[in-house]
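Engineer: dropping a prediction and its sequence here:
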Amino acid sequence: MQYINVRFYLNLGSKFACAGIILLGFFPTLAIAAQSVMITVTKGFGLSLYASDLGDIKQMTVGDNGTLFVGSQKSGTVYALVDSDQNGQVDKRYLIARGLDYPDALAFHNGSLYVTEDDRIIRFEEIESRLRRPSRAREVYSNLPSLDKKYSRSMHFGPDGLLYVAIGSACNVCESPSPFGSILAIDVDPGASEQVAFGLRSVTGFDWSPVTNKLWFADLGRNWMGDNIPPDEINRLEIKGSHFGFPYLHATDVIEPAYDKPENLNISVPEFELPAHVAPTGLSFYRGEQFPERYRNQIFVAENGSWNRSSKVGYQIVMLSIEDNKISKRETVVSFLDGEFPVARPFDVINAPDGAMYISDDLKGNIYRLFYNAPEQSQDMK
């Protein structure tokens, strides 16, 4: 694997100082620059700034017409972003909603945008034809836990047409009441729901394999057990109703000292262990054809990065290679960590309509576009 170090100049006060410049190895020095920083990109790939100044953005979703929707957490806004001239940079931005309570999870289905807000899910219908004047949001589900306690959540529509919502535990380590620490499958029209996975701590990245249709998800390990334990997890749901260990067992074999595992509880152990504290907040299978063959149908993970470790880890996009339905290798595609300085904190990574991938950054409110630039035959990608 070969990498290129991309040096550019960043105004650390707020916005990315090189907006619109493609990150492929050369950047002019800007007069307003405050400090130069480094992003490391796998050779053959490029990274560009797609949009900026979006607040503490989290999950993204793409509409049928290519509109990119992104939700914040604390700022309470949802934006629609359009690249109308298809030059790899947003030129139209629409405010879909403001003043919402934690609209951090988004999903798009059958022309409508679904957004979590406080203890409910709302829907903006025919949204891509109404970007300038969105219709009034309609409540479609009202049984999410209250936001009195902070917890993670994300949602996607599955291959079966159900809306899957991951609801994290509202604690570092505890026995959370239902439905905390689970994944719900919701039939939106009647509003019926069931829990399909239990024993989760904090899941915001999940996707279905385009080969097997099995649900894969990333789960963040607990804090305050040291720099190197417990590992963060990559899991696969094989049997509906499986329990994945939290809070009794972390990763494969880290036993929780504060709680005893119920005697008859069967636990599904991870398919793959990530280093502790890398914080895998985003997970998507690559479904495009722009990247070389060996990247297709593989898992891309956004590692949001450590905050309670003596030296920083994560802050990168990695690919997990699958062979015979098992993860065989983890490799870095983009690193946003310059020494101990995080240039960005990638939260979500999703497929773009043109075969590139979008990366959200909840540190500076940027969205990056990861694309492949070099002819496949000219690169030694083995």
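Structural biologist: Good, I have the coordinates. Residues are numbered from 1 along each chain as shown.

Engineer: report the secondary structure state of residue 128.
Structural biologist: Here residue 128 is helix, with the state taken from DSSP: H, G, I helix; E, B strand; the rest coil.

Engineer: that one against residue 69, yeah?
Structural biologist: No. Taking CB atoms under 8 Å as the definition, residue 128 is not a contact partner of residue 69, at 9.4 Å. No exception for glycine: its C-beta is placed from N, CA and C like everyone else's.

Engineer: between the two, which one's more packed in?
Structural biologist: residue 69 (25 against 18; other CB atoms under 10 Å).

Engineer: circling back: joint contacts of residue 128 and residue 69?
Structural biologist: 63, 80 (CB atoms under 8 Å, 6 or more residues apart in numbering).

Engineer: please compute how far stretch 68-77 lies from its chain's middle.
Structural biologist: Counting by CA atoms, centre = their mean, to the nearest Å, stretch 68-77 is centred 13 Å from the centre of its parent chain.

Engineer: could you give the average pLDDT over that stretch?
Structural biologist: Taken as a whole, stretch 68-77 has an average pLDDT of 93.

Engineer: mind listing residues that contact that stretch?
Structural biologist: With CB under 8 Å, 6+ apart, stretch 68-77 has contacts from 50-51, 54-63, 78-82, 90, 95-106, 108, 113, 115, 127, 352, 358, 360, 362, 367.

Engineer: quick one: buried ones out of these?
Structural biologist: 50-51, 54-63, 78-82, 90, 96-97, 100, 102-106, 108, 113, 115, 127, 352, 358, 360, 362, 367 (16 or more other CB atoms under 10 Å).

Engineer: so who does the nearest residue to residue 345 once chain neighbours are set aside touch?
Structural biologist: Nearest residue to residue 345, sequence neighbours excluded (CB to CB, 6 or more residues apart in numbering): residue 363, at 3.9 Å. Going by CB under 8 Å, 6+ apart, residue 363 touches 342, 344-345.

Engineer: which pLDDT value belongs to residue 363?
Structural biologist: 96.

Engineer: just residue 4 next, same as before
Structural biologist: On the pLDDT scale, residue 4 gets 55.

Engineer: do the same with residue 176
Structural biologist: Residue 176 is given a pLDDT of 88.

Engineer: need the contact list for it.
Structural biologist: Residue 176 touches 169-170, 247, counting by CB under 8 Å, 6+ apart.

Engineer: state the next helix or strand along the chain beyond the lengthiest strand in the chain.
Structural biologist: The longest strand of the chain (DSSP state E) is strand 326-335. Counting by DSSP states H and E, the next helix or strand C-terminal to strand 326-335 is strand 337-338.

Engineer: helices and strands around that next one, which ones?
Structural biologist: strand 35-42 (3 or more CB pairs under 8 Å, 6 or more residues apart in numbering; DSSP states H and E).

Engineer: using CSV, write out the CA atom coordinates for the strand it packs on.
Structural biologist: Output in CSV follows, covering the C-alpha atoms of strand 35-42 (Å, rounded to 0.1, in the frame of the first residue of the first chain):
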residue,chain,number,x,y,z
GLN,A,35,-1.0,26.7,10.2
SER,A,36,-0.1,24.0,7.7
VAL,A,37,-1.4,20.5,8.3
MET,A,38,-1.1,17.1,6.7
ILE,A,39,-3.7,14.7,5.4
THR,A,40,-2.5,11.2,4.3
VAL,A,41,-4.3,9.7,1.3
THR,A,42,-3.7,6.3,-0.3
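
Engineer: now that strand against strand 326-335, angle please.
Structural biologist: 150 degrees (axes from the mean of the first three to the mean of the last three CA atoms, to 10 degrees).

Engineer: could you shift the numbering so residue one becomes 56, and keep it that way?
Structural biologist: I'll keep to 56 as the first residue from here, and by that count the last item is strand 90-97.

Engineer: now strand 90-97: buried residues?
Structural biologist: Buried residues in strand 90-97 (16+ other CB under 10 Å): 92, 94-97.

Engineer: average pLDDT across whatever helix or strand comes next after that strand?
Structural biologist: With elements assigned by DSSP H and E, the helix or strand that comes after strand 90-97 is strand 100-106. Strand 100-106 comes out with an average pLDDT of 96.

Engineer: hmm, what's the outermost residue in the protein?
Structural biologist: Farthest-out residue of the chain from its mean C-alpha position, per CA atoms, centre = their mean: residue 318, at 34.5 Å.

Engineer: residue 198 against residue 171, yeah?
Structural biologist: No. Using CB under 8 Å, residue 198 is not in contact with residue 171, being 11.9 Å away.

Engineer: okay, and the beta partners of residue 222?
Structural biologist: residue 208, residue 237 (DSSP bridges).

Engineer: next, count neighbours for it.
Structural biologist: 26.

Engineer: do the same with the one 10 residues further on
Structural biologist: Around residue 232 there are 10 other residues, counting by other CB under 10 Å.

Engineer: could you look up the SS state of it?
Structural biologist: coil.

Engineer: any idea how far residue 142 is from residue 428?
Structural biologist: Applying CB to CB, to the nearest Å, the value for residue 428 to residue 142 is 15 Å.

Engineer: which one of the two has more residues nearby?
Structural biologist: Counted by other CB under 10 Å, residue 428 and residue 142 do not tie: residue 428 has more neighbours, with 14 against 10.

Engineer: kindly state the beta-bridge partners for residue 252.
Structural biologist: residue 238, residue 297.
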